[in-house]
Every structure is written in structure tokens, then in C-alpha cells.
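[1] need a structure here:
(chains A and B)
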Protein chains: 2
Amino acid sequence: MTSTTHETAARLDAEDPLASYRDRFVGSETPLVYLDGNSLGRPLRTTGERLRSFVDQEWGGRLIRGWDEAWMDLPTVVGDRIGSACLGAAPGQVVVGDSTTVLLYKALRAGVAARPGRTEVVLDRDNFPTDRYVAAGVADELGLTLRWIDVDTSAGVTLEQVQEVVGEETAVVLLSHVAYRSAWLADAPAITAAVHDAGALVLWDLSHSVGSVPLELDAWGVDLAVGCTYKYLNGGPGSPAFVYVAERLLDGLRQPIPGWMGHADPFAMGPGWTPAPGIRRMISGTPPVVGMLALQDMLALVEEVGMEAVRAKSVGLTEHALALTEDLLAPLGVGLATPREARRRGGHVTLTHPAMREVTARLWEVDVIPDYRDPGGLRLGLSPLSTSYDEVARGLARVRDVLLDLGASGA
Amino acid sequence: MTSTTHETAARLDAEDPLASYRDRFVGSETPLVYLDGNSLGRPLRTTGERLRSFVDQEWGGRLIRGWDEAWMDLPTVVGDRIGSACLGAAPGQVVVGDSTTVLLYKALRAGVAARPGRTEVVLDRDNFPTDRYVAAGVADELGLTLRWIDVDTSAGVTLEQVQEVVGEETAVVLLSHVAYRSAWLADAPAITAAVHDAGALVLWDLSHSVGSVPLELDAWGVDLAVGCTYKYLNGGPGSPAFVYVAERLLDGLRQPIPGWMGHADPFAMGPGWTPAPGIRRMISGTPPVVGMLALQDMLALVEEVGMEAVRAKSVGLTEHALALTEDLLAPLGVGLATPREARRRGGHVTLTHPAMREVTARLWEVDVIPDYRDPGGLRLGLSPLSTSYDEVARGLARVRDVLLDLGASGA
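    All right, here's what the predicted structure looks like:
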């Protein structure tokens, strides 16, 4: 790293009002450069002890009584907390449980059922694989048609593209708020309004925006949303997802996996399934209590800092990465698969070069950890509260070193 | 507790070859009487530290690299281990993930799809609520008919009852191996054979038998099974479930929630869903890694002890509970909703009396923790490795005290 690069990063860190939060994360004291917080966030230092204490005190001490005392409400308590801290959602509309894939399935089926007679689901070809697979599966089982939006791999779905395809046949439009590869930040309020103009429902996948980009689901009039908690909410590998259903849709909403925990009275154990009033009806089986512990530590931090400050840091980090790319990597032929305009960009940055698969493998060997996404994309997930400007600079300096080792020389 | 009761229990504990295992569980040193191990097993003393260490070392230290190094295979590694230790299942047929309810849904849909043209699902009215709700939901969405078997609440489904209802229209028979209330232990090998004679598939819910009753799924020719890991496998509140699919059915098996993690190549992120070869196709979303940690401690214990020894202790405990009930409680009008014949009984015992709801509430106040199930059932879940004969005796002596306080006097 040149001294100018080093000085710039040091200055940005010194000026960063959130710089001290980094110390709260496990491993932040090590030289490892972690640029994949959008695949798996770092644990907080409080989390290990929280889990140990839960096992010995709450699970071991309270045993089955824990369900009555606290755990039964945890899916909605944690859901409301995600809603308030990150989603702009009033209480009673968010519940935690299942994987993102399973919740996508339940939400999409529920959305299609709420628009009877309509035969199309709209989505884009660059949406995250699980979203596409689930939509194709649902279309196949219900005899629906998928309407695909083609997008540039360095951008994402625009308002105009949605307006072109939605119509009287559209039941649900399923889109990612931030695209997993390009980081394109969709214009959610405008697209939601356009979907409503066609009489359809929108289902947003918030996996790459929750905890990184401020959301105002209630104000935007969003119908349905799902999201992941192991990225910017630091819930740990495979932590459960959440689903949002706008209050106005909850009455009469039917999801396809009716289980005892979504029943109006789980312990009545009666003959037929009566859905619980409100958002609990989206629950199927026994809530994953242990899986919901870690993310509560991160929610406390987001509540303390506020999503506007998180976003400001996130934009700062991605701008810094773009400037370094321009300086250090563009001369070696590295391109950008991420919007340059901050308002259309989420919390990660994807750099392109034919050698990036090999570059990623070599970086991992020297404890610099970005992610790789085909075709030729080096993806930097810059988790706002645990990533420093210096970490980004050290990482991109290493990308340059590796590219030079591989003989890259630009134009 | 009378001195005879005390002496008998002390003798049984002294003669119990597995008695020392009790010390390995959190809370076994306290006076609390825990008789609900079939709702939530106690944690092992090693589990809290395992979780803390996972957070700080594996998640915090390896970060996203943990997926390549270990976590990606965890659903099948832990699945195979459950298969080998508890299910009598050769490798490659069991996977862990989702809740029991979601896996029931996926397995039932897959089973029905594997018997095209057949229009009926058979189940019993006393099956666990979630099984009935899921079956009703699937029947409703696919236009199938439910064929109900009526059972006595103090027994369960018999071979003859199954033979009476299965036929050319039967696609899947969905039954619990051990009934959640009565503890009736179904004749799984004979029923499985009868279902096959009709050309149908069987789907066993093993939630109340896995880790308590030895299973031989491969030898019995079982097609599909699901089960829970937070009961006798001590996985913690809401730990993920498992699903078994016989190898001969895996080719061509289609489940309704195709996700990226069940794809043949999850990171190809290609346009269409190609199911993974083998059991991985049953996976939908990102595996719940943190939720799979605790149950591995219990699997190690079961591997050490062996399921035959576990079952012998389980039968010893339930026989002990029946003898005490006969002595102490039958004179107060307490009845039995559980088979007297050990070979038809699982690991729990349900005692009936009109006052049992109130009895349960009063017992909880004095740290004696059974469960209650309508109508009038006090359910004693006797987890074989963590429950002592003395604990059962102290618990039932307390039941007698409370019934006497409430004015019970028998006939």
C-alpha cells in the first residue's frame, strides 16, 4: 500500500463517527481483512457468552417453562425489533423463522392467493437464484406464467422496466431490493407504487439491504417482504429469516404450510387449522429459538447507532472502495459491476476482471477474504459497523498485488 | 414419599447401568424434578461451551470460509449420524434442516408426487396437530381426500386399521411412530409392509421415538420419515428437524420448495433448478448451522451408550412410573392413557384425571415439571439418559400430594 493510500484511509477512519464500533466484533483486532460481511457478518464479542448463558441458564434452568415465559413470543418480539430498527415497519407485521427460501415460498404463495384470477409472476433474470427457483417452482405447481425482466449485470431493475411488464394478469412482482451481485439499489417506493397501479402485489427480497440500507416498508406501501439475518444483522451461519406482511393483508391471508405454531391456539390441538390472528399465521413449526439469539446483539447495536448513520458509513465505505479501484485497479483492467451513483448502490461493490476467480483464491491464502460471483466478479461486502476504511485499503492493495503477480497489465 | 417408595427407587438407580450419565446434564444436581424431556430435553454440560467456542473460534475465526471447510456438509454429516445412531439408516438418506412442520410438508408433497394418479392420504385423528394440519393443507391444495383412522385416546393406530383403509387410491399413509399423547408405539414394520402391499408410500413422524425407541428404517423398508431433535436428541428449543428418504426413492424425487442449497451446484447460480443428487435435494435454504450444534453432543452420548441400552432404561423408567401410579395414584382415581404392554409403549406415560390441568399448574409451582395434554392428561416424558428412578418417584409422590390437596379420593 502506498503512503498516500494509507494516509487517506487513516484520515477517513479518524473522521468516522462509528469507528469505535469495530472493536465490538470478534476478530477485529487481527490482521485479517474481511470483505464478505454481506455473506456472513462477524459475531459480536458479547454473542458467544450470550449463547453459553442461554444454554446453561435459560434452556437448562427454565427448561420447558421457557416457552411460556419468553420463547413463544420471540418470533414476533424479534420480528418487531427488526421492523422498528431496520424496516420502517410498525409492530405486528414481521415474524422470524424458517430460511429465506421457505419464507419466500410461503410469502409468494400467500401473495398469489391474495390475487385470485391473476396468472403471472414478474421477476428479473438477475435475481438471486433461490428467488428464481422458488418462483419457478410456484409457477409450475400453480400453472402460472413467469414474466422475466432482463437486466444488465452491472445494474438492476428499473421503474420503467417494471411498468412495461406489469398488467391485469400480474399477481405478484418479486424483486430484490439490493441485487446480490451488482448491489443495484432498486427504487422500491416508485416500483411498489407502479405494481399497485396494476393491481398487483409486490414481494421484496431485502436480504442484501436489511441492516445496510434504511427501509420504510410501511411508508412505501410494501405488501410482502422477506430477508436474511446472517448478513448485515450478524445472526450467525444459517440464522433464521424474517417475513413482513402489511397489516392490511393479514386478515384472510393464507400460507401453504399450516402448522401448530401458526394456529390461533397451538395447545388446543383441535381438529382443524384456525390461523392465528395477525402475523403469527405465517409461522409453521416450532420457532428456532437458539438461532434467534445472536442477531439480537446486532439489533441492539443498530438501535444504538440508527440506520441513517449506518447507511452514511456504508456509502463512505463503498465510495472509498470505488476511489481505490479507480486509482489502483482500473489501470490493471478491472471494471465495475456496481452503480457509481451512491443512491442506486447498496452496501457492497463488485469488481470485474477475467482473473477474479483465481484472485479470490489467492487472496484467501493471505487472509484477505472477499467473495467471488460469476462471471468474473470480486465482491466486497462492506459491513458498516465492523469494517474500517483501512481494512478496505489493505484489501484492495492486496488485490492489486495479486493481479500484478498474475501478469495483469491493463490496456 | 414413603420409605418403601424411596427404597425401591434407590435400588433401581443403584442397579441402573446408565445412572452415571445423568450427571452430564445441566441441572441434574438441583432438586428440580424434570418430567418433560419429550417436549424439551435438558442440555448437556458440554453444550454451552460448545456454542460459545463455535461463535468465537469457528464463526468468528473462520467466517465465510467455514462454509467450505465444514458447514456446507453439516446437514448430511449430522443427518448420517442421526441415521446411524438412531434410525437404522445407511448414509445418504437423512438430512437436517427446517422445522418438523416444513419437512413434513416437503416429504408429504414429495410422497404424493411419487404416486401420481392416487388421490388419498391416510392418517389418524389422534395424530399430532401439525401432522393433521399439514396433511389437510396439502389435501386442500392438491385436491386429495383425507382418509381418517379413528383411534382410542389411550392407544393408537393398529395394523388392522391400516389394512382396512389402504387401497388403490392411497398415495401416502402419514402416521406417528409413537403417539404424542398416549405413547402408543405403532407396529412400524408390519404397517409399512401393509402400506406397500397397497402400492402406497408410508411417511412416519418419528418425533416422539427418535432417541428413545430403536428404529430400523432401512430394514423395515420405510419410504419417508421426519423427526424432531429437541426432544430426546436434546438439540435445544426449536432446533432443526430431520427428514429420511429411502435411497430407492431419491432419483426423481421432487420436493415443492426448490432452493439454492438443494441445487446440484449451489454456486453456479444458473437459470434453472437442477436438484442435487441424493438427499441434498430435500434442502431448501441456507442450513441452520448454529441450531445443529447442541444435538451433536447428545448424538455422541447415544453413540456411546447405544440405542438398545437407551431403550432398556426407557422401559425401566416407564414400568417404574406405571407401578408407582398403580400404588400411589390409582386409589385416587387416576387412570392411564398409555399402553401397559411395554412393546406397544414409547418413552412417555400419560396419566388421566379430571383435575390434571390444575395438578400440572400446582406441580410447576413446586419445581416438578411434567406436561399437560387435553383431555385431562398429565404427561411424563422420561428422557432415558437424564432421568433417575428417584426423580420419577419424587415426582409421582408430589402428584399424589397435590391430588389429595385438591380433595381427590378415588372411587
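[2] and the strand ranked longest in chain A, which strands flank it?
    Selection of the longest strand in chain A by residue count, based on DSSP state E, yields strand A:170-176. Take DSSP bridges as the rule and strand A:170-176 pairs in its sheet with strand A:120-124 (parallel), strand A:201-205 (parallel).
[3] so how far is it off the chain centroid?
    17 Å (CA atoms, centre = their mean, to the nearest Å).
[4] what is the rounded mean pLDDT of it?
    Per-residue pLDDT values over strand A:170-176 give a mean of 98.
[5] quick one, strands of the stretch 301-411 of chain A?
    Assigned by DSSP state E, counting those that start in this stretch, the strands in the stretch 301-411 of chain A fall at A:335-336, A:348-352, A:368-369, A:371-373, A:377-381.
[6] Can you lay out the ones you listed as a markdown table showing mean pLDDT and mean neighbour count?
    Using the backbone N, CA and C atoms, a C-beta is placed for each residue, glycine as well. Supplementary listing: these in a markdown table, determined by pLDDT from 0 to 100; neighbours: other CB atoms under 10 Å in any protein chain shown:
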| stretch | mean pLDDT | mean neighbour count |
| --- | --- | --- |
| strand A:335-336 | 96 | 16 |
| strand A:348-352 | 98 | 26 |
| strand A:368-369 | 98 | 24 |
| strand A:371-373 | 94 | 20 |
| strand A:377-381 | 97 | 26 |
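[7] Quick one: closest of those strands to A:K231.
    Distance to A:K231, taken as CB to CB, is lowest for strand A:377-381 among the strands of the stretch 301-411 of chain A, at 7.5 Å.
[8] which helices and strands does the closest one pack with?
    If you count contacts as 3 or more CB pairs under 8 Å, 6 or more residues apart in numbering or on different chains; DSSP states H and E, strand A:377-381 packs onto strand A:348-352, helix A:356-365, strand A:371-373, helix A:389-405.
[9] Quickly, which of those bottoms out on average pLDDT?
    Mean pLDDT per stretch puts strand A:371-373 lowest among these, at a mean of 94.
[10] In its sheet, which strands sit next to it, and in what direction?
    Each strand that pairs with strand A:371-373, with its direction, by DSSP bridges: strand A:377-381 (antiparallel).
[11] picking that back up, most tightly surrounded among the strands paired with strand A:170-176?
    Of the strands paired with strand A:170-176, the one with the most neighbours on average (mean count of other CB atoms under 10 Å in any protein chain shown) is strand A:201-205, at a mean of 28.
[12] now the helices for chain A?
    Along chain A, the stretches classed as helices by DSSP state H are A:3-15, A:47-53, A:65-69, A:74-82, A:100-113, A:129-142, A:159-165, A:188-197, A:217-220, A:247-250, A:294-305, A:307-324, A:356-365, A:389-405.
[13] where's the second one relative to the chain centroid, distance-wise?
    So the one you mean is helix A:47-53. Its chain's C-alpha centre lies 24 Å from the corresponding centre of helix A:47-53 when counted by CA atoms, centre = their mean.
[14] what comes up buried for that helix?
    Along helix A:47-53, these residues count as buried under the neighbour rule (16 or more other CB atoms under 10 Å in any protein chain shown): A:T47, A:G48, A:R50, A:L51, A:R52, A:S53.
[15] ditto for the fourth one
    Buried residues in helix A:74-82, counting neighbours by 16+ other CB under 10 Å, are found at A:L74, A:P75, A:T76, A:V77, A:V78, A:G79, A:D80, A:R81, A:I82.
[16] surely A:G285 meets B:P129?
    No - applying CB atoms under 8 Å, one finds A:G285 not in contact with B:P129, separated by 11.2 Å.
[17] Which one of these two is surrounded by more residues?
    For A:G285 versus B:P129, neighbours defined as other CB atoms under 10 Å in any protein chain shown are more numerous around A:G285 (26 against 22).
[18] Leaving out chain neighbours, which residue sits closest to that one?
    Closest residue in space to A:G285, ignoring its immediate chain neighbours: B:S99 at 2.6 Å, by CB to CB, 6 or more residues apart in numbering or on different chains.
[19] How about A:L12?
    Closest residue in space to A:L12, ignoring its immediate chain neighbours: A:Y389 at 3.8 Å, by CB to CB, 6+ apart.
[20] Can you tell me the number of residues neighbouring A:D197?
    A total of 10 residues lie near A:D197 under the criterion other CB under 10 Å.
[21] Let me see the contact set for it.
    Taking CB atoms under 8 Å, 6 or more residues apart in numbering or on different chains as the criterion, A:D197 is in contact with A:V166.
[22] Low-confidence ranges, the stretch 1-150 of chain A, go.
    For the stretch 1-150 of chain A, no stretch has pLDDT under 70.
[23] Residue in it with the shortest distance to chain B?
    Proximity to chain B, evaluated over the stretch 1-150 of chain A using CB to the nearest CB, is greatest for A:S99 at 2.6 Å.
[24] which residues touch that residue?
    Neighbouring residues of A:S99 by CB under 8 Å, 6+ apart: A:G238, A:P240, A:A241, B:G97, B:D98, B:G259, B:S284, B:G285, B:T286, B:P288.
[25] Arrange those residues in a markdown table, one row each, with distance to A:H353 as further columns.
    As requested, these are arranged in a markdown table below (distance: CB to CB, whole Å):
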| residue | distance to A:H353 |
| --- | --- |
| A:G238 | 31 |
| A:P240 | 36 |
| A:A241 | 33 |
| B:G97 | 36 |
| B:D98 | 38 |
| B:G259 | 30 |
| B:S284 | 33 |
| B:G285 | 31 |
| B:T286 | 28 |
| B:P288 | 35 |
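[26] Now do the phi/psi pair for the nearest residue to A:Y230 once chain neighbours are set aside.
    Leaving out its chain neighbours, the residue that sits closest to A:Y230 by CB to CB, 6+ apart is A:S239, at 4.6 Å. Per-residue torsions, A:S239: phi -60, psi 150 (degrees, to the nearest 10).
[27] how distant is stretch A:97-113 from the center of its chain?
    Mean C-alpha position of stretch A:97-113 versus that of the full chain (CA atoms, centre = their mean) differs by 16 Å.
[28] With stretch A:107-126 instead?
    Centroid displacement of stretch A:107-126 relative to its chain, using CA atoms, centre = their mean, is 21 Å.
[29] Figure out the length between the terminal residues of it.
    Taking CA to CA, to the nearest Å, the first and last residues of stretch A:107-126 lie 20 Å apart.
[30] cool, and stretch A:279-293?
    The straight-line separation of the ends of stretch A:279-293 (CA to CA) is 20 Å.
[31] mean confidence score for that stretch?
    Stretch A:279-293 comes out with an average pLDDT of 97.
[32] Can you check which residues contact both of A:G285 and B:P129?
    Both A:G285 and B:P129 are contacted by A:W260, under the criterion CB under 8 Å, 6+ apart.
[33] By proximity to chain B, which residue of the stretch 251-400 of chain A wins?
    The shortest separation between the stretch 251-400 of chain A and chain B is 2.6 Å, found at A:G285 (distances taken as CB to the nearest CB).
[34] check contacts around that residue.
    Contacts for A:G285 were tallied using CB under 8 Å, 6+ apart; they are A:G97, A:G259, A:W260, A:M261, B:D98, B:S99, B:T100, B:T101, B:V102, B:T130, B:A241.
[35] Share the number of residues neighbouring the residue nearest to the fourth one when sequence neighbours are not counted, please.
    Spatial nearest neighbour of A:M261, excluding adjacent residues (CB to CB, 6+ apart): A:I283 at 4.6 Å. Counted with other CB under 10 Å, the neighbours of A:I283 add up to 30.
[36] Quick check: the gap between A:I283 and B:G235.
    As for A:I283, its distance to B:G235 is 19 Å (criterion: CB to CB, to the nearest Å).
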